[in-house]
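Trainee: here is my input; please provide its structure:
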Amino acid sequence: MRYIRSLATGVMLGSMGAVVASFGGCSSQEQKQETQNKFLVIEQLSNGKYVVVEEIPTQGPNRAIIRERQPDGTVKERLMSEDELRKLAQQEYERVKNGTSETLQEGGGEGMGLAGTILAVAAGSLLGNMIANSLFSNPNFRHKAQSVNRSAYARSKTGSLSKKSTSTKKSFFGGSSKSSSYGKTSFFGG
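Mentor: Model prediction:
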């Protein structure tokens, strides 16, 4: 009987270890996703600042399409390579270290400069995890990074449901029912 009890305890502890190990695998997977290379579409706003409108994880190198407004109102697209992105991100990171980066300032309007936008969205994949972690420990940087990323991918990472309202409706037969409406984040651009 003791043998069966100790065997059952061993099986239970082994199972718990497997569950804990699988959770450890999840967190390393999340960290891998955080530093995964990205294909970005960055758009210039009418105020001259930039926001990310599309963010797609990619197996290839980091790269971005930059949509910029021309003086005549047309939009011109250009492709930036990983080297160009890394150079801009490094320049903005130097401004962060000097305390002059707009990514650290409170408030402000919508969007940021191109280098700040790139650093805010792709610091981990361009400059490494240690730098990204140090940047995201600053609440102003974290807020700015969230405000410049309009992509569905970013919204899906922050949560897909947000409670909007609760209302009571009268039914045709005189009863009432409570209903809640939820805002859903679409994974495909909506």
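Trainee: mind listing the strands for the chain?
Mentor: With DSSP state E, the ranges of strands along the chain come out as 38-44, 50-57, 63-69, 75-80, 161-170, 176-184.
Trainee: just checking, what packs against the shortest one?
Mentor: This means strand 75-80. Strand 75-80 makes packing contacts with strand 63-69 when contacts are defined by 3 or more CB pairs under 8 Å, 6 or more residues apart in numbering; DSSP states H and E. To be clear about C-beta, it is placed using only N, CA and C from the backbone, and glycine gets the same treatment.
Trainee: tell me the strands beside the strand it packs on, with direction?
Mentor: Strand 63-69 pairs in its sheet with strand 38-44 (parallel), strand 75-80 (antiparallel), by DSSP bridges.
Trainee: what's next to it, contact-wise?
Mentor: Contacting residues not belonging to strand 63-69 are listed as 39-44, 46, 50, 53, 75-82, 85, 114, 118 [CB atoms under 8 Å, 6 or more residues apart in numbering].
Trainee: now it: buried residues?
Mentor: By 16 or more other CB atoms under 10 Å, the buried positions in strand 63-69 come out as 63, 64, 66.
Trainee: let me know the closest of the residues you listed to residue 92.
Mentor: When those are ranked by distance to residue 92 (CB to CB), residue 64 comes first, at 14.2 Å.
Trainee: nearest residue to that closest one in space, please, no chain neighbours.
Mentor: Spatially, and ignoring its direct neighbours in sequence, residue 64 is nearest to residue 40 (4.0 Å; CB to CB, 6 or more residues apart in numbering).
Trainee: what sits against that neighbour?
Mentor: Listed by CB under 8 Å, 6+ apart, the contact set of residue 40 reads 52, 54, 55, 56, 62, 63, 64, 65, 118, 121, 122.
Trainee: run through the bridge partners of it.
Mentor: According to DSSP bridges, the residues that bridge with residue 40 are residue 55, residue 64.
Trainee: going along the chain, name the helices of this structure.
Mentor: Ranges of helices in the chain, per DSSP state H, are 2-34, 82-98, 114-127, 129-136, 139-148, 152-158.
Trainee: the longest one - what's its average pLDDT?
Mentor: Per-residue pLDDT values over helix 2-34 give a mean of 47.
Trainee: next one: stretch 45-56
Mentor: Rounded to a whole number, the mean pLDDT of stretch 45-56 is 93.
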